[in-house]
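# would you be able to build a 3D model of this:
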Amino acid sequence: MTNARHDSGFSLAEVIVAFAILSLALVAIFKSYGLVVRGTVTSEHERHALAIAQSLLATTGVTDRLQSASDSGTLADGTVWNRTISAYGPASTPNLPPPYLITIEIGTPGTKQPRSVVSLSTLKLAPGP
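Next up is the predicted model:
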């Protein structure tokens, strides 16, 4: 009779190769997860900036008179905004109120030189005399 020996299980080389493949797969998964999280945060910043810009556009000319001007400010969360109001086109006709171009730019919070996240522009007519 021959003594046949059957090895069961995996060799050390097979286990090392399996761990290497698993670690590469996990690295790829974690990198993609990081990209998803970063994209979500960026999307939330843009949504917040858009809401602020829309609010500033809606109130411009309502609480004060429309005239060529430029102003800026910083909100409590550090978001920086700039508003520019300028006369649009040539002098208006006597029967029509003058149009003004209003541009709102919202920057990223917490930086000295904010990167523009949102920029909205619209035309509004100044109320007649």
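
# quick check: residue 64 is in a strand.
No. Residue 64 is assigned coil when assessed by DSSP: H, G, I helix; E, B strand; the rest coil, not a strand.

# show me where the protein has strands.
69-74, 80-87, 99-107, 116-125 (DSSP state E).

# residues of the longest one that come out buried?
Residues of strand 116-125 classed as buried by neighbour count (16 or more other C-beta atoms under 10 Å): 117, 118, 120, 124. In short, each C-beta sits where N, CA and C put it, glycine included.

# just give me the closest of these to residue 40.
The closest of the buried residues of strand 116-125 to residue 40 turns out to be residue 117 (C-beta to C-beta; 15.0 Å).

# check what pLDDT that closest one gets.
Predicted confidence (pLDDT) at residue 117: the value is 76.

# which residue is the nearest non-sequential neighbour of it?
If you skip the residues right next to it in sequence, residue 117 has residue 49 as its closest partner in space, 4.1 Å away by C-beta to C-beta, 6 or more residues apart in numbering.

# the one you found and residue 105 touch, don't they?
No. The pair residue 49 / residue 105 is not scored as a contact, 9.3 Å apart, by C-beta atoms under 8 Å.

# overlap in contacts of these two?
residue 118 (C-beta atoms under 8 Å, 6 or more residues apart in numbering).

# the more surrounded of these two?
The residue with more neighbours, out of residue 49 and residue 105, is residue 49; 24 against 20, by other C-beta atoms under 10 Å.

# quick one, what contacts the more buried one?
By C-beta under 8 Å, 6+ apart, the neighbours of residue 49 are 79, 106, 117, 118.

# for residue 45, state which of the residues you listed is nearest.
residue 117 (6.0 Å).

# and the closest one, how close does it get to residue 46?
Remark: distance between residue 117 and residue 46 (C-beta to C-beta, to the nearest Å) = 6 Å.

# repeat that for residue 68.
Taken as C-beta to C-beta, the span from residue 68 to residue 46 is 29 Å.

# for residue 53, give its distance to residue 34.
Distance from residue 53 to residue 34, by C-beta to C-beta: 29 Å.

# got the contacts of residue 49 as JSON lines, with distance to residue 20 columns?
JSON lines is the format used below for the contacts of residue 49 (distance: C-beta to C-beta, whole Å):
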{"residue": "79", "distance to residue 20": "46"}
{"residue": "106", "distance to residue 20": "47"}
{"residue": "117", "distance to residue 20": "42"}
{"residue": "118", "distance to residue 20": "45"}
